[in-house]
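1. 3D model of this:
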Amino acid sequence: MVWPSGRQVAWQGQELTAFVHFGPNTFTGLEWGTGVDDPGVFAPEELDCSQWVGALRAAGFKSVILTAKHHDGFCLWPSRYVAHTVAASPYRGDVVAELSVACQAAGLGFGVYLSPADLYQEKAAGGYYGNGSAVVPSTIGPDDGPLRYDVDDYNRYYLNQLYELLTEYGPIAEVWLDGANPTSSAQTYDYEAWFDLIRRLAPEATIAIGGPDARWVGNEDGFARETEWSVIPFADGRMVAAETDVDVAGPEQLRKADELRWYPAEVDVSIRPGWFYHAAEDAAVKSVAELLDIYRKSVGRNAVLLLNVPPDRRGLFAQPDVERLAEFGNAVREYYDTDLVLPATINVIDVRENIEDGQQVESFAVDALIDGSWTQVAEGTTVGHRRLLPLQEPITPTDVRVRVLEARADVSVSLSVHYDPTITGGGRDGRRSGR
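-> Purely as a prediction, here's the structure:
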């Protein structure tokens, strides 16, 4: 049997977390910076992190993750270990500090994205990334600090920046380690040292995407798999399957495993086509119907949704994004936060396991009592924290029931029902059999 840690249970219970991509790319129009971008372009004149947090909190988000350093290497805080930061920009403030304070005031968790790949450290004179330096004993943090690791130049630099973020801007709820890498230099990451430092300084922080607590779902389109296990097969310390594979925990992967780990999925997607703000995309903000479809296919497929909302050049969430967040939050509360009392018209089935007891359901079916007869209206595979199944068409039952068809161990599940008027036609998750 495999169970989640208390940290993982709390993380999954959030359901909605927010991503904030902000930096020089906001002003240059790029998605991936060059590493040699002029810090002078970063000039938000109306920065207001409380505006971001207010919009996210009102929409039901429980935490916010900021791109403290993206692949371009520019730091949104005045790091003492590099000059390529907000301190060299016209802004000259501290975005990380402002957002941390705003999150604490609003009761939201605060997380940091710290890109392992660093184009500035690769391209700048004397940069550390891929410089071939030797591994040497190193003290991290203050000169008399207790944290010591045997690392090369870049890993020492990365650990020192982690130390700054975790000790000066906490509490930190999540540390996000992106696997994307636009660099052309060979650089080994000392993940074990990184994880050890995070566990020592922020023991309750979720280490996600490359970390031991949560995995990337494998796409940036906003959906988890229809069969999404949190119990994942590992061999020789690595996932048996690639994160992008269609099946990451099926019978074939299980046969190759030498251990199983609780390793739930996080679904990252942007509210706009791009990850950073571009004015030309103001008319391309996802609709409420699109966001609810993403919600059903992420939160409703045993994953956590990480929705990116990028501030504009003023340092504010743009009005189209603010309006859409409000509409999305209202819709989730109205359609999915309350179990309808039958008889009622419904078109979404909501099944849940108590993941503190593990994840057991392999397949299930849902029946509805309509006109005095029980009819199967939906079927699915995994459940986990939550499974939302849209029906092929609305029904008006007087009762519903769930049948667990296959399970890895004894399990109890809960069942609730909802009506979402934005659903047009049936969702492929809920297959009506007519039996």
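2. how about the helices in the protein?
-> 6-14, 24-28, 49-58, 95-106, 119-123, 153-168, 191-201, 251-255, 288-298, 319-336 (DSSP state H).
3. mean neighbour count, distance to A279 and mean pLDDT added to the ones you listed, as CSV?
-> (C-beta placed from N, C-alpha, C; glycine too.) Converted to CSV, the helices of the chain look like this (neighbours: other C-beta atoms under 10 Å; distance: least, C-beta to C-beta, whole Å; pLDDT from 0 to 100):
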stretch, mean neighbour count, distance to A279, mean pLDDT
helix 6-14, 18, 31, 98
helix 24-28, 22, 10, 98
helix 49-58, 21, 18, 98
helix 95-106, 20, 20, 98
helix 119-123, 23, 25, 98
helix 153-168, 21, 30, 97
helix 191-201, 17, 36, 97
helix 251-255, 12, 44, 96
helix 288-298, 22, 20, 98
helix 319-336, 18, 11, 98
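4. so which of the ones you listed gets nearest V175?
-> helix 191-201 (5.5 Å; C-beta to C-beta).
5. ok, now which ones touch the nearest residue to R314 once chain neighbours are set aside?
-> Excluding the flanking residues, the one nearest R314 by C-beta to C-beta, 6 or more residues apart in numbering is E46, at 4.2 Å. Contacts for E46 (C-beta atoms under 8 Å, 6 or more residues apart in numbering) come out as 314-316.
6. how about the residues you listed in a markdown table, adding pLDDT, neighbour count and distance to R333?
-> Converted to a markdown table, the contacts of E46 look like this (pLDDT from 0 to 100; neighbours: other C-beta atoms under 10 Å; distance: C-beta to C-beta, whole Å):
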| residue | pLDDT | neighbour count | distance to R333 |
| --- | --- | --- | --- |
| R314 | 98 | 16 | 29 |
| G315 | 98 | 22 | 28 |
| L316 | 98 | 20 | 24 |
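7. ok, so of those, who is nearest D367?
-> L316 (49.4 Å).
8. so where do the strands sit in the stretch 201-350 of the chain?
-> Ranges of strands within the stretch 201-350 of the chain are 206-208, 215-216, 231-235, 238-239, 259-262, 265-270, 303-308, 346-353, based on DSSP state E, counting those that start in this stretch.
9. those into a markdown table, with extra columns for distance to Y113, mean pLDDT and mean neighbour count?
-> What follows is those, written out as a markdown table (distance: least, C-beta to C-beta, whole Å; pLDDT from 0 to 100; neighbours: other C-beta atoms under 10 Å):
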| stretch | distance to Y113 | mean pLDDT | mean neighbour count |
| --- | --- | --- | --- |
| strand 206-208 | 9 | 98 | 26 |
| strand 215-216 | 13 | 97 | 20 |
| strand 231-235 | 23 | 98 | 19 |
| strand 238-239 | 21 | 96 | 13 |
| strand 259-262 | 23 | 98 | 16 |
| strand 265-270 | 10 | 98 | 23 |
| strand 303-308 | 10 | 98 | 25 |
| strand 346-353 | 29 | 98 | 22 |
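10. do you know the pLDDT at S433?
-> pLDDT, S433: 28.
11. columns distance to A105 on top of the strands of the stretch 201-350 of the chain, output as JSON lines?
-> Converted to JSON lines, the strands of the stretch 201-350 of the chain look like this (distance: least, C-beta to C-beta, whole Å):
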{"stretch": "strand 206-208", "distance to A105": "22"}
{"stretch": "strand 215-216", "distance to A105": "30"}
{"stretch": "strand 231-235", "distance to A105": "37"}
{"stretch": "strand 238-239", "distance to A105": "38"}
{"stretch": "strand 259-262", "distance to A105": "33"}
{"stretch": "strand 265-270", "distance to A105": "25"}
{"stretch": "strand 303-308", "distance to A105": "21"}
{"stretch": "strand 346-353", "distance to A105": "32"}
